[in-house]
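*Asks:* 3D, please:
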Amino acid sequence: MDPTTPQEACFEAGIKFGTLYHQFAGTPVSPESSDSLARAMEEAIENQPFCETVTVEILDEELADELADQSADYTELTGRFMEVEIVIDYEDTRVVAAMEMEGDYPRMRVDSVRSP
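*Replies:* Residues are numbered from 1 along each chain as shown. Now for the predicted structure:
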């Protein structure tokens with residue numbers, strides 16, 4: 001059986017999340033650089049096909065808490081320091097997917113699928 005258009009649209013969302021997470025995990029980040037890093041992440045992923053929008057929020061309070069007990073002025077970006085929403089538009093199907101921490105794991109999920 002061939003995949004449906006909504007299934008293909010969800011697959012596209014997964015590809016974008018895999019790229020975003022594995023391309024940027026480990027990037028040095030601080031509260032001072034978080035806005036520019038978030039914008040760079042958004043713009044990089046929005047270049048991919050079928051990607052309508054990407055919203056990255058780097059959680060500065062969590063970064064500051066992490067840095068309070070360290071001698072360095074930065075830490076490595078991981079899922080616990082960001083929340084992400086990706087909107088895919090694939091052949092008139094719109095998928096909204098998000099990433100947030102679920103316990104100690106950055107969980108990526110499909111929030112909605114709308115097709116004609």
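
*Asks:* flag the shaky bits of the protein, pLDDT-wise.
*Replies:* Counting by pLDDT under 70, the chain contains no low-confidence segment.

*Asks:* tell me where it has helices.
*Replies:* Counting by DSSP state H, one finds helices in the chain at the ranges 5-24, 34-46, 60-68.

*Asks:* got those helices as CSV, with mean neighbour count and distance to Met99 columns?
*Replies:* For every residue, glycine as well, the C-beta is placed using N, CA and C. Supplementary listing: the helices of the chain in CSV, determined by neighbours: other Cβ atoms under 10 Å; distance: least, Cβ to Cβ, whole Å:
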stretch, mean neighbour count, distance to Met99
helix 5-24, 17, 6
helix 34-46, 16, 12
helix 60-68, 14, 14
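
*Asks:* which stretch among those comes nearest Tyr105?
*Replies:* Taking Cβ to Cβ, helix 5-24 is the member of those nearest to Tyr105, at 11.8 Å.

*Asks:* export the helices of the chain to TSV and tack on distance to Val87?
*Replies:* Listed next are the helices of the chain as TSV, based on distance: least, Cβ to Cβ, whole Å:
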stretch	distance to Val87
helix 5-24	9
helix 34-46	10
helix 60-68	24
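
*Asks:* dump the residue contacts of the residue nearest to Met41 when sequence neighbours are not counted.
*Replies:* Leaving aside its sequence neighbours, Met41 sits nearest to Val56 (Cβ to Cβ, 6 or more residues apart in numbering; 4.7 Å). Residues near Val56 by Cβ atoms under 8 Å, 6 or more residues apart in numbering: Leu20, Ala38, Arg39, Met41, Glu42, Met82, Glu83, Val84.

*Asks:* do you know how far the nearest residue to the second one once chain neighbours are set aside is from Ala68?
*Replies:* Closest residue to Ala38 apart from its sequence neighbours, by Cβ to Cβ, 6+ apart: Val56 at 4.2 Å. Distance of Val56 to Ala68, computed by Cβ to Cβ, to the nearest Å: 23 Å.
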